[in-house]
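In: Sequence first, then the predicted structure:
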Amino acid sequence: MKYLSLFILFITYTTTLAQGDAYEYLGVLKLNDSSFIQYKLALEERDGIIQGYSIADAGGKHETKSNVRGTYDDKANQFAFKEYNIVYTKSPITELDFCLVHFEGKMRKLDVDKGFSGDFTSAYQDGAPCLKGEIIMSSASQVQDRVASIDKKIQKSKKISEEVKEKVSMKRTVDTLTMSVVKKDENLNIFARTKRVVISIYDAGKVDNDRINLYLDGELIIEDYAIEKEKREIAVEITKDFTVIKVVALNEGTSAPNTVKVEILDGMDLITTRTSLKEGESAALTLVKQ
């Protein structure tokens, strides 16, 4: 059970994995009150200019994805970034007064660096100061390799039941770690910046007859639909402040739970999420007009 405990510990700190971005870091924000917030950075650098995104509290009830921009001076080893636009959040809409993280510090070459740490500040969107603390980040590839190594030992162990192995296997957890997962009674607020959003629903894994009802602002628009490999697209006009899409699981197919991959195309931005529900449960996505 030692390996199982280590695996779960690493999963706690690494709730997202590489998705093809140039450089990725996983770690925590340590606040001055000694509390911790899981944190991920995915960055691309070109001619000293950094663009990317952050995810705070990944997998938690306040999971929030933000756009990030900054600079990197490879001669001075100086690195700086700040969050700006919120892409999505699980926080209630009444709590959308967010602290946006700012960091400046030293870093060696991005492609070989093991990580970085230092003090960070944050500010509200109007510039007023917010939380302070320490950021502690490690290279995502190193963390991922460590987790995979532990998982390999778990799968070979004769002391762990097949049921437990299946629950903690990397194959089962990769999808969970690479995108936001919306579960029973959860709501993901997505900030829509265009007038027309395209939503795609499909089964990204094994097609197992998961069936759903899909509602748009309380109106049933897709009934008793079996999720397929092929994407089914729904165009949504953003005319109101809030547009709610609700997924209701009608069964759990041949392999529980009921899972639906959902993509939201908002102009050039593609937001990917997945619902994970038992029969009769529901989850929602709210498009927030910007």
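Out: Perfect, thanks for sending it.
In: give me the number of residues near residue 217?
Out: 12 (other Cβ atoms under 10 Å). Where you see a C-beta, it was placed from the backbone N, CA and C, and this is true even at glycine.
In: what do you get for residue 235?
Out: 9.
In: Ok, residue 56 next?
Out: Residue 56: 21 neighbours (other Cβ under 10 Å).
In: Quick check: chain neighbours aside, which residue is closest to it?
Out: Distances taken as Cβ to Cβ, 6 or more residues apart in numbering put residue 64 closest to residue 56, at 5.0 Å, once the chain neighbours are dropped.
In: What pLDDT does the model give the one you found?
Out: Per-residue pLDDT puts residue 64 at 93.
In: care to break the protein down by domain?
Out: 2-141, 179-289 (automatic domain parsing).
In: Confidence-wise, which of the ones you listed is weakest overall?
Out: domain 2-141 (a mean of 81).
In: Spatially central residue in the chain, please.
Out: Taking Cα atoms, centre = their mean, the centroid of the chain lies closest to residue 180, which sits 3.8 Å from it.
In: Return the backbone torsion pair for the residue nearest to residue 281 when sequence neighbours are not counted.
Out: Excluding its sequence neighbours, the residue lying closest to residue 281 (Cβ to Cβ, 6+ apart) is residue 184, at 4.3 Å. Backbone geometry at residue 184, expressed as degrees, to the nearest 10, gives phi -50, psi 130.
In: Touching, residue 184 and residue 284? I think so.
Out: No. Under the criterion of Cβ atoms under 8 Å, residue 184 makes no contact with residue 284, lying 10.7 Å away.
In: More neighbours: which of these two?
Out: Between residue 184 and residue 284, counted using other Cβ under 10 Å, the more crowded position is residue 284 (17 against 14).
In: And the more buried one, how far from residue 233?
Out: According to Cβ to Cβ, to the nearest Å, residue 284 and residue 233 sit 19 Å apart.
In: Indicate each strand paired with the helix or strand harbouring residue 284 and its parallel or antiparallel sense.
Out: Secondary structure assigned from DSSP states H and E places residue 284 in strand 282-289. Here strand 282-289 is paired, per DSSP bridges, with strand 187-192 (parallel), strand 242-249 (antiparallel).
In: could you dump those to JSON lines with mean neighbour count and distance to residue 29?
Out: Below are the strands paired with strand 282-289 laid out as JSON lines (neighbours: other Cβ atoms under 10 Å; distance: least, Cβ to Cβ, whole Å):
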{"stretch": "strand 187-192", "mean neighbour count": "21", "distance to residue 29": "21"}
{"stretch": "strand 242-249", "mean neighbour count": "19", "distance to residue 29": "29"}
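In: With distance to residue 57 as added columns, please give those in TSV.
Out: As requested, these are exported to TSV (distance: least, Cβ to Cβ, whole Å):
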stretch	distance to residue 57
strand 187-192	13
strand 242-249	22
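In: what residues are up against the residue nearest to the centre of the chain?
Out: 58, 63, 65, 88, 90, 188, 272-274 (Cβ atoms under 8 Å, 6 or more residues apart in numbering).
In: need the contact list for the residue nearest to residue 281.
Out: 277-278, 281-283.
In: Select only the buried ones of those residues in ChimeraX?
Out: Command for ChimeraX that selects the buried part of the contacts of residue 184, burial taken from 16 or more other Cβ atoms under 10 Å:
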select :277,281,282,283
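In: of all the contacts of residue 184, which comes closest to residue 139?
Out: Nearest to residue 139 among those is residue 283, at 32.7 Å by Cβ to Cβ.
In: Relative to residue 289, how far out is that closest one?
Out: 21 Å.
In: The stretch 151-290 of the chain: strands as residue ranges?
Out: For the stretch 151-290 of the chain, the strands defined by DSSP state E, counting those that start in this stretch cover 180-182, 187-192, 196-202, 211-216, 219-226, 232-237, 242-249, 258-266, 269-277, 282-289.
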